[in-house]
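>>> My questions concern the predicted model and sequence given below.
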Amino acid sequence: MPDSSPIDQIAERVDRLLVRYDELQRTNALLAARLDAVTHERDSLQSRLNAARTRVEALLERLPEPATPKDGTE
């Protein structure tokens, strides 16, 4: 491209930059959507974990107290 004018070179460069900008915009949108999905999944898993923790704690409360040895040894 040594024969092209500086204006043509600048125009080609701007075109390439615009294409790259569009690619980055699409990539950013995809990453934002993926982040939303992962955040939703994390929140769901945290909720399930909290529910399971509550159930385990309730089950532990229902367990009888441990028996203590009558002879005083442990």
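Noted; the coordinates are in hand. Since the model is a prediction, treat every value here as computed from it, not as a measurement.

>>> what stretches of the chain score poorly on pLDDT?
1-2, 71-74 (pLDDT under 70).

>>> in it, which spans are helices?
Counting by DSSP state H, residue ranges of the helices within the chain are 6-62.

>>> Tell me which residue is most central in it.
Nearest residue to the geometric centre of the chain (C-alpha atoms, centre = their mean): residue 38, 3.8 Å.

>>> residues touching that residue, list them.
Counting by C-beta atoms under 8 Å, 6 or more residues apart in numbering, residue 38 touches no other residue. Where you see a C-beta, it was placed from the backbone N, CA and C, and this is true even at glycine.

>>> Distance check, it against residue 45.
10 Å (C-beta to C-beta, to the nearest Å).

>>> for residue 6, same thing?
For residue 6, the distance to residue 45 - C-beta to C-beta - is 57 Å.

>>> the more surrounded of these two?
The neighbour comparison of residue 6 against residue 45 (other C-beta atoms under 10 Å) goes to residue 45, with 10 against 7.

>>> I'd like to know how far the more buried one sits from residue 31.
Distance from residue 45 to residue 31, by C-beta to C-beta: 21 Å.

>>> With residue 58 instead?
The span separating residue 58 from residue 31 equals 41 Å under the rule C-beta to C-beta.
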